[in-house]
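Asks: Fold the following.
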Amino acid sequence: MIFNVLSLFSSFIHFVLGLSTPQSYPPPLSEDAERDLFLVLEKGAPSAKDAREKLILHNLRLVSHIVRKYYASAKNQEDLVSIGTVGLIKAVDSFKVDSGARFATYAAKCIQNEILMHFRSQKKLAAEVSLCDTIDVDRDGNPLTYMDVICTDESLDTEIARKLTGAKALQLVSKLPDKRQRQIIVMRYGLGGRKPLTQKRVAELLGISRSYVSRLEKSALEKLRRGFEG
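Replies: Residues are numbered from 1 along each chain as shown. Sure, this is the predicted structure:
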């Protein structure tokens, strides 16, 4: 399966926040509370960033519901939730309170459109080489894929997704006690406006093996998850 940087960061957000199951998602907002948050967002008030984050987080159940209802037989449901979250983010950023539509209805269409676009792109690329195909192995015997050697340009969607929890993520990353873990997280996920790098590239820059980068990254992500939960 082909993943872009946006899907990678969306998965990172879910992992760090511990939002792996529908039961862990924040409860939906009341209609009045939701409307108030959109008004704050449209006015661009100082609290607009917090309002935007709440609108996204409290509507994640809708993404999960759509995936489980319409794509129950799909083997990659976790991937579809990440892709659907991108549609939710777009819905929050483009919804207008005075349109007369309910946000849930509008967001559901955006979420489904994002997932359908993903399936269409998969059909177009069905005859092409998958980025997950193994092309070589590193010095430790770990498989290297096309994804590890290809750099993807930044997109507007990537920037939107990064800002979802960017400030809090940067704060927690800066508090990681291990300097090398901090470097790896910043480089791997493009925090602070940087371009995300593959594990292979990070390993080259730090002069260590890719497998060691993978172990340090996994350990750092677990610490960040605990930081968000705390």
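
Asks: Do a quick rundown of the strands in this protein.
Replies: With strands called from DSSP state E, the chain shows them at 134-137, 143-145.

Asks: Extract the residue ranges of the chain that are flagged as low pLDDT.
Replies: 1-24, 123-169, 192-193, 228-230 (pLDDT under 70).

Asks: count of neighbours near residue 225?
Replies: 16 (other Cβ atoms under 10 Å). Glycine gets a C-beta too; all of them are placed from N, C-alpha and C.

Asks: And it, how close does it get to residue 172?
Replies: Separation of residue 225 from residue 172 (Cβ to Cβ, to the nearest Å) stands at 10 Å.

Asks: Repeat that for residue 83.
Replies: 25 Å.

Asks: Check residue 196 too.
Replies: 18 Å.

Asks: cool, residue 95 as well?
Replies: 29 Å.

Asks: surely residue 62 meets residue 88?
Replies: Yes - if you go by Cβ atoms under 8 Å, residue 62 and residue 88 touch, sitting 7.0 Å apart.

Asks: quick one: common contacting residues for the two?
Replies: 107, 111 (Cβ atoms under 8 Å, 6 or more residues apart in numbering).

Asks: These two: which is more packed in?
Replies: In this view residue 62 and residue 88 are compared by other Cβ under 10 Å, and residue 88 has more residues nearby, 24 against 20.

Asks: in this structure, which helix has the most residues?
Replies: Identified as the longest helix of the chain according to DSSP state H is helix 103-124.

Asks: Need the residues that contact it.
Replies: Against helix 103-124 from outside (Cβ under 8 Å, 6+ apart): 1-2, 34, 38, 59, 62-63, 66-67, 70-71, 80, 83-84, 86-88, 90-92, 94-95, 99.

Asks: do that again at 7 Å, thanks
Replies: For helix 103-124, the surrounding residues in contact (Cβ atoms under 7 Å, 6 or more residues apart in numbering) are 34, 59, 62-63, 66, 80, 83-84, 86-88, 90-91, 95.

Asks: Out of those, who's the most crowded?
Replies: Neighbour tally across the contacts of helix 103-124 (other Cβ under 10 Å): the maximum, 29 neighbours, falls on residue 84.

Asks: Now that residue. Nearest residue, chain neighbours left out?
Replies: Leaving aside its chain neighbours, residue 84 sits nearest to residue 63 (4.1 Å; criterion: Cβ to Cβ, 6 or more residues apart in numbering).

Asks: Contact partners for that neighbour?
Replies: 81, 84, 85, 88, 111.

Asks: Now intersect those with the helices, please.
Replies: The members of the contacts of residue 63 that map onto helices under DSSP H are 81, 84, 85, 88, 111.

Asks: Out of those residues, the closest to residue 50 would be?
Replies: Among the ones in helices among the contacts of residue 63, residue 88 lies closest to residue 50 (Cβ to Cβ), at 17.0 Å.

Asks: Tell me how far that closest one lies from residue 72.
Replies: 19 Å.

Asks: Also residue 27?
Replies: 23 Å.

Asks: and residue 174, how many residues sit next to it?
Replies: Counted with other Cβ under 10 Å, residue 174 comes out at 11.

Asks: Let the chain start at 45 from now.
Replies: Let's use 45 as the start, then, which means that last one is residue 218.
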